[in-house]
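Asker: Here is my input; please provide its structure:
(one chain, ligands or ions: 1)
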Amino acid sequence: MPTSGGEIDGLAEGVVLAVTDLETHFPSRRGVAKAVDGVTFTLPRGRTVAVVGESGSGKSVTSLSIMGLIAPPGHVAGGRILHRDRKGVVRDLAKLSNAGFRHIRGPEIAMIFQEPMTSLNPLMRVGDQIGEMIALHERISRRALRARVIELLQLVEIPEPETRIDAYPHQMSGGMRQRVMIAMALACRPNLLIADEPTTALDVTIQAQILALLRRLQADLGMSVLFITHNLGVVAEIAHEVVVMYAGRVVEQAPVGDLFARPSHPYTRALLASTPNIARDIDAEGRRRPLAAIPGAVPPITALPPGCAFAPRCAHVLDACREGRPGLVAIAPDHVTRCIRRDLP
Ligand SMILES: Nc1ncnc2c1ncn2[C@@H]1O[C@H](COP(=O)(O)OP(=O)(O)OP(=O)(O)O)[C@@H](O)[C@H]1O
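Answerer: Below is the predicted model of the structure:
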């Protein structure tokens, strides 16, 4: 029910973000690419939802749609993106103007990306970049600003923040730069953080440290996190809930334990089987068991098959799978799958 300020009722208590039937299209001469095609999921307050899938599955386009950052001629063509801000006001971000987004991006929803070097200004001291973020949204004295920035650097566990505040990005390691990006994202105390592959470019040890930091911040600040990744190992580390995407659609969603213990969709099963697992993949004599790579590739979204988009690669395909597009069905409370096969062991 819209109200005069573009605000909307109808978001369940305790939910920060509810994406319903989201459609994001990119028109081109070859037709309309439906990069996101009817995506639905909810993000409860203080929880981490991971969106996982292979390259091209529509994860980034989903997060950019939420942030209002789809560049024309791409556009959100349908669906709702209901967001509850810190004051409890609910808005449909799918209908928000660019001007409206200026009050949302930063103070309400912040985003961190894979490569901090492309988001940080190499010519500016990191402290000034974080400070700029704060000064953009509130009036604050220079002294108080510097103290706030030092506090933020402490929060993201950067050692010697009083000195590091004056460093330039190139004087920091990749892990430290990602911490700076997280500090910038947290500068205005958003209630929702979107993290798009934030650890992909880092060494595994640094990756583990950044994931631990994000987990601690999420718990301490009660933030909701939408975490985009192609890596199920990372999902296991960070997520409460998992949304599995394939060719622009959600194919399975479940609490993390449920998804790993009882994966239902053949695509989820194949993803799990193709994820390296040291304990499983190598025996005491050092013999390797081959990884079960998923045959084929995600089809181009302009040429999806008529039925299930995964059918051409699926080991369990039936004729019926190629006929109609399967709907999402609940197989347990909070666990849905887009597969007609209920008989798989
Ligand atoms: N600006 C654009 N114009 C046309 N098509 C686009 C555009 N951006 C994305 N797409 C298409 O949308 C689909 C989904 O892309 P998206 O970047 O969301 O995938 P992803 O799952 O995030 O993959 P990756 O991990 O590689 O980023 C892809 O087929 C991509 O080619």
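
Asker: Bridging across strands, which residues link to Ile109?
Answerer: Listed by DSSP bridges, the beta-bridge partners for Ile109 are Arg105, Leu192.

Asker: Tell me the buried residues in stretch 222-242?
Answerer: Neighbour counts over stretch 222-242 (16 or more other Cβ atoms under 10 Å) mark 223-232, 234-235, 237-242 as buried. (Each C-beta comes from the backbone N, C-alpha and C, glycine too.)

Asker: quick one: which of those residues sit in strands?
Answerer: If you go by DSSP state E, the buried residues of stretch 222-242 have 224-229, 241-242 in strands.

Asker: What residues does this structure have near the ligand?
Answerer: 26, 33, 35, 53, 55-61, 74, 230, 301 (Cβ under 6 Å from any ligand atom).

Asker: Just the buried ones from those residues?
Answerer: With neighbours counted by 16+ other Cβ under 10 Å, those contain buried members at 26, 33, 35, 53, 56-61, 74, 230, 301.

Asker: tell me which of these is nearest to Leu271?
Answerer: Taking Cβ to Cβ as the measure, Gly53 is the one of those closest to Leu271, at 8.0 Å.

Asker: all helices for this structure, in order.
Answerer: Here the chain has its helices, by DSSP state H, at 59-66, 98-101, 116-119, 126-137, 142-155, 161-164, 174-186, 204-221, 232-238, 256-261, 266-273, 278-281.

Asker: Let me have the ones you listed in a markdown table, adding mean pLDDT as columns.
Answerer: Converted to a markdown table, the helices of the chain look like this (pLDDT from 0 to 100):
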| stretch | mean pLDDT |
| --- | --- |
| helix 59-66 | 95 |
| helix 98-101 | 92 |
| helix 116-119 | 71 |
| helix 126-137 | 92 |
| helix 142-155 | 94 |
| helix 161-164 | 95 |
| helix 174-186 | 91 |
| helix 204-221 | 89 |
| helix 232-238 | 91 |
| helix 256-261 | 95 |
| helix 266-273 | 92 |
| helix 278-281 | 67 |
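
Asker: can you redo those helices as a markdown table with distance to Pro295?
Answerer: Output for those, formatted as a markdown table (distance: least, Cβ to Cβ, whole Å):
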| stretch | distance to Pro295 |
| --- | --- |
| helix 59-66 | 22 |
| helix 98-101 | 41 |
| helix 116-119 | 34 |
| helix 126-137 | 45 |
| helix 142-155 | 45 |
| helix 161-164 | 48 |
| helix 174-186 | 34 |
| helix 204-221 | 27 |
| helix 232-238 | 18 |
| helix 256-261 | 22 |
| helix 266-273 | 9 |
| helix 278-281 | 19 |
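
Asker: which one in the residues of the chain next to the ligand is the model shakiest on?
Answerer: On pLDDT alone, Ile301 ranks lowest of these, at 82.

Asker: is it true that that residue touches Met245?
Answerer: No: with contact defined as Cβ atoms under 8 Å, Ile301 and Met245 do not form a contacting pair (11.7 Å).

Asker: anything in contact with each of the two?
Answerer: Taking Cβ atoms under 8 Å, 6 or more residues apart in numbering as the criterion, Ile301 and Met245 both touch Gly58.

Asker: ok so, going back, from the residues of the chain next to the ligand, which land in strands?
Answerer: 26, 33, 35.

Asker: most remote residue from the protein's center?
Answerer: Of all residues in the chain, Glu285 has its C-alpha farthest from the mean position, at 39.0 Å, by Cα atoms, centre = their mean.

Asker: one step back: closest one of the residues of the chain next to the ligand to His335?
Answerer: Taking Cβ to Cβ as the measure, His335 sits nearest to Gly53 out of the residues of the chain next to the ligand, at 17.4 Å.
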